[in-house]
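S.K.: pasting the structure only:
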């Protein structure tokens, strides 16, 4: 299971990923345009997960999309999501891509490097399979070190500001490292901030209610009791009703171009 999740946890995780896909669509679309996705012939989506972002990619290009993930469960879900689209699905390791050198115009990943045991190797592999002059793209990678939240709950804010991700083996500060990974892979690199919009309290509430099971699971796995979680939830929802809730954390993107010589 991805990141040591049980079958039930996997189902909740997939639902969370599907929600993230919808919530970050407006942030990813300009990145696709900057990368020249529309006119690319062969595109690779690395770490495609349940297929939502892959579907977006396929709908933004006239080319053929290949998508790969190391989880058979994710690939099975992606098959349903991508039915009828020109997408070829593969099971494989992002750190050892099963493709020859220099065959794709663009290789992309989204919220993948944060979970990779060796993110530099993932970027190196994406660079290897891209043609000379082609693009390597990390569309969104968060950095929870820049997370700003009010009203504060120091104990629980620490969990959502990276502690829960670290417990799963992820890197909550991956965003600030994108330039290093891309430059070390030999790419001409541009790094930018993907999200600049501050959500309204109504949007925060809707997002929380959809993902409530995911948040409760993260807090329970961090050792909080039901009473502690209920108390936090009450304070959180009250701050939303009082229109003082503020929540922001940066998500960065990187676009790298492979040298032509």
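M.R.: Happy to help now that I have it. The model shown is predicted, which means the values in this text are computed figures rather than measured ones. Numbers count the residues shown, from 1 in each chain.

S.K.: all helices for the chain, in order.
M.R.: Counting by DSSP state H, the chain has helices at residues 7-23, 25-35, 52-59, 72-81, 119-129, 154-158, 164-167, 178-184, 201-210, 212-221, 226-241.

S.K.: so which of those helices gets nearest residue 192?
M.R.: Closest to residue 192 of the helices of the chain is helix 25-35 (Cβ to Cβ; 8.0 Å). Every residue, glycine included, has its C-beta placed from N, CA and C.

S.K.: what residue ranges in this structure score low on pLDDT?
M.R.: For the chain, the stretches with pLDDT under 70 are 1-8.

S.K.: contacts only, for the residue sitting nearest the centre point of it.
M.R.: Most central in the chain under Cα atoms, centre = their mean is residue 111, positioned 2.1 Å from the mean C-alpha point. Contact analysis of residue 111 by Cβ atoms under 8 Å, 6 or more residues apart in numbering lists 17, 20, 47, 49, 140, 141, 142.

S.K.: circling back: how about the helices of the chain in TSV, adding mean neighbour count and distance to residue 250?
M.R.: Listed next are those as TSV, based on neighbours: other Cβ atoms under 10 Å; distance: least, Cβ to Cβ, whole Å:
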stretch	mean neighbour count	distance to residue 250
helix 7-23	16	15
helix 25-35	16	11
helix 52-59	22	19
helix 72-81	17	26
helix 119-129	22	17
helix 154-158	14	16
helix 164-167	17	15
helix 178-184	19	11
helix 201-210	15	17
helix 212-221	17	20
helix 226-241	14	21
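
S.K.: these into a markdown table, with extra columns for distance to residue 89?
M.R.: Below are these laid out as a markdown table (distance: least, Cβ to Cβ, whole Å):
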| stretch | distance to residue 89 |
| --- | --- |
| helix 7-23 | 16 |
| helix 25-35 | 20 |
| helix 52-59 | 8 |
| helix 72-81 | 5 |
| helix 119-129 | 16 |
| helix 154-158 | 38 |
| helix 164-167 | 27 |
| helix 178-184 | 26 |
| helix 201-210 | 27 |
| helix 212-221 | 25 |
| helix 226-241 | 37 |
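
S.K.: which one, of these, ends up nearest to residue 195?
M.R.: Residue 195 lies closest, by Cβ to Cβ, to one member of the helices of the chain: helix 25-35, at 5.0 Å.

S.K.: how far away is the residue nearest to the centre of the chain from residue 64?
M.R.: Using Cβ to Cβ, to the nearest Å, residue 111 is found at 23 Å from residue 64.
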